[in-house]
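Q: Need a 3D model of the sequence below.
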Amino acid sequence: MHLSVLGGGAVAGLILASCSTSPGNGASSTGTPKAGTAATAVPEPTSTPLAGAGGAAALQNAYVAVVQHVLPSVVQIETSQGLGSGIVYDTSGDIVTNNHVVEGATTFKVTASTGHQYTGSLVGSFPADDLAVIRVSGASLTSASFGDSAKLLVGDIVMAIGNPLGLQSSVTAGIVSATGRTVSESNGVVLPDTIQTSAEINPGNSGGALVDLAGEVVGIPTLAATDQQLGGAAPGIGFAIPSNIVTSIAGQLIKSGHVTHSGRAYLGVRIALTFGGNGALISSVDSGSPAARAGLHAGDTITAVNGKATSSPEAVTEALAGLAPGSVAKVTAVGQDGSHRTVSVTLGELPA
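A: Just a heads-up that it's a prediction; the model follows:
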C-alpha cells in the first residue's frame, strides 16, 4: 500500500497529510527514559471521581493525570511556513519535532503551555526519519519522559497532545491500531515501523506527543490520512514515529548536530519512475556503494526486491525501509539490453 503526504497518489482511497499548519488557509499545510532524564511520577488527578462510576471514573482520572503531567512538555513551534508542535527533550532546552515542521527555517517562535514565548534555533535535522531538534536557551522548560515503543501492543490506550489548527494544548484520545506500519510521504521520505493510532491527528499536531497512560511519550504524531475519493479526513487513521527511533536520532543530533548511526538500510542508487510504471529506473549509482559492489548500473530497472515486485521508486524505498543495515537483499533488475538478473546486495547504513 502506498500512502503519500499532501496530494500524493492514492491507494485504497487514502492519502496522508503531514500535520503541521501552513499560513493563509486557516488550517495548516500541513525506552525507557533517555539517559540523563529521570522519569517523573504522574501526579494525582485534581478531579473528583464520579459517584458510582467505578472503573470509568478511574480511567477518566488517569486521562486527566496524564494530560496534567505531559502538557508542560509540549510546545507550539511557529515558522514563516506555519505552525507545528514539539516535545521538550531535556533540561537544556532541546526540543524534538518533525523535520517538516522546521524545514527551511533557522529561527523559530516557541510558545510553552504557559503562554510564554521564546526564540529557538536549529540544532540539527535528519530528513530521512522526518525528525529535527531545535533549542531554546535560558528558558525553564519541563522535559518529557520517553517510554519504550517496542512494548506497545495493539489496543493500548494513547493520547495525542499538540496544537492542531493553532488550538494550543489540545488533546485527543484513542488506541494503538497497529504497529510496524511503513508509510510514504509525498516528498519521497519513507517512515518505517510507524505506530498507527485512532487518536485524531490534525494539522498542527505534527511534532507533538503520543503518550500512554503511564505519562510517557511513545511516539511523535506525524501523518494523518485523508480520503481522496470522498474528500476530507479519514477519521481514526493517523501515524506516529516510535519513541525508540525518536530518542536515538534526537540524542545523536544533540550530541554532534548530525546522525552517525541511522539504523536505516542503504542501497546507494538514485531511482526514477519508468515509463509505464513497470519498475524503478536507476538514474545513478553512488561510487563504492553496496549497489555498485553488487554490479548494478545506471540504466538498470529494479523490478523486485527479495522476490516482491517493485513497480515504482516508492515501492523500492518501502522495501528497503523494512530491512536492516548488513542484511542481504536479492535485487532483480532488467538491463538496458533487456537482460534479467538477480544480484545479492549486502546493504550498508544510510549516511547522514
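
Q: those helices in the stretch 151-300 of the chain, which residues are they?
A: Listed in chain order, the helices of the stretch 151-300 of the chain (DSSP state H, counting those that start in this stretch) span 243-256, 290-294.

Q: so where's the stretch 151-300 of the chain uncertain?
A: 186-188, 226, 228, 230-233, 277 (pLDDT under 70).

Q: circling back: ranking the helices of the stretch 151-300 of the chain by burial, who's on top?
A: Across these, averaging neighbours per residue (mean count of other CB atoms under 10 Å) puts helix 243-256 on top, at a mean of 22. The C-beta positions use only the backbone N, C-alpha and C, and glycine is treated the same way.

Q: So L191 sits against D130, correct?
A: Yes - between L191 and D130 there is a contact at 6.3 Å, judged by CB atoms under 8 Å.

Q: Mind listing the shared neighbours of those two?
A: Contact criterion CB atoms under 8 Å, 6 or more residues apart in numbering; residues shared by L191 and D130: 185, 222, 241.

Q: pretty sure the last one contacts L191?
A: Yes - if you go by CB under 8 Å, I241 and L191 touch, sitting 6.3 Å apart.

Q: so what sits against both of those two?
A: The contact lists of I241 and L191 share 129-130, 222, where a contact means CB under 8 Å, 6+ apart.

Q: Distance of S92 relative to I254?
A: As judged by CB to CB, to the nearest Å, S92 and I254 stand 8 Å apart.

Q: Give me the buried positions along the biggest strand by length in the chain.
A: Counting residues, the longest strand found in the chain (DSSP state E) is strand 170-184. The neighbour-count check on strand 170-184 (16 or more other CB atoms under 10 Å) flags 170-174, 176-177, 179, 181-184 as buried.

Q: Turn these into TSV, including distance to L323.
A: Formatted as TSV, the buried residues of strand 170-184 follow (distance: CB to CB, whole Å):
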residue	distance to L323
S170	37
V171	36
T172	33
A173	34
G174	30
V176	24
S177	24
T179	18
R181	16
T182	11
V183	16
S184	16
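
Q: Return the member of these nearest to A319.
A: A319 lies nearest to T182 out of the buried residues of strand 170-184, by CB to CB, at 9.0 Å.

Q: Next up, the contacts around the closest one.
A: 190-194, 318, 321-322.

Q: Would you mind measuring from A105 to I134?
A: Distance of A105 to I134, computed by CB to CB: 9 Å.

Q: ok, back up a step: partner strands of the longest strand of the chain, with direction?
A: Neighbouring strands of strand 170-184 in its sheet, by DSSP bridges, are strand 157-162 (antiparallel), strand 190-197 (antiparallel).

Q: would you turn these into a markdown table with distance to L213 and mean neighbour count?
A: Output for those, formatted as a markdown table (distance: least, CB to CB, whole Å; neighbours: other CB atoms under 10 Å):
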| stretch | distance to L213 | mean neighbour count |
| --- | --- | --- |
| strand 157-162 | 5 | 25 |
| strand 190-197 | 14 | 23 |
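
Q: how about those strands in a markdown table, adding distance to P351?
A: Output for the strands paired with strand 170-184, formatted as a markdown table (distance: least, CB to CB, whole Å):
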| stretch | distance to P351 |
| --- | --- |
| strand 157-162 | 31 |
| strand 190-197 | 16 |
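
Q: What score does V67 have for pLDDT?
A: V67 carries a pLDDT value of 94.

Q: Any figure for the gap between it and G147?
A: 16 Å.

Q: So those two - more neighbours on which side?
A: The neighbour count for V67 versus G147, taken as other CB atoms under 10 Å, is higher for G147 (25 against 18).

Q: who touches stretch 105-121?
A: 71-72, 74-81, 86, 95, 102, 122, 134-139, 141, 168-169.

Q: Let's see that with 6 Å instead.
A: 71-72, 75-79, 122, 134-136, 139, 169 (CB atoms under 6 Å, 6 or more residues apart in numbering).

Q: Would you point out the most distant pair within the residues you listed?
A: L71 and L122 (24.7 Å).

Q: what's the neighbour count on S311?
A: Residues near S311, counting by other CB under 10 Å: 17.

Q: Just to be sure, it is in a helix?
A: No - counting by DSSP: H, G, I helix; E, B strand; the rest coil, S311 is located in no helix; its state is coil.

Q: Give me the nearest residue to Q168, chain neighbours excluded.
A: Q76 (5.5 Å; CB to CB, 6 or more residues apart in numbering).

Q: Now do the SS call for the one you found.
A: Counting by three-state DSSP, the backbone at Q76 sits in strand.

Q: To what extent is it buried, counted in neighbours?
A: 26.

Q: Run through the residues that contact it.
A: With CB under 6 Å, 6+ apart, Q76 has these contacts: 111, 163, 168.

Q: Just the closest of these to A333, please.
A: Closest to A333, out of all of these and judged by CB to CB, is N163, at 45.9 Å.

Q: okay but N202 is in contact with P164, surely?
A: Yes - the pair N202 / P164 is scored as a contact, 3.6 Å apart, by CB atoms under 6 Å.

Q: In terms of neighbours, single out the busier of the two.
A: Ranked by neighbour count (other CB under 10 Å), N202 and P164 place P164 first, with 27 against 24.
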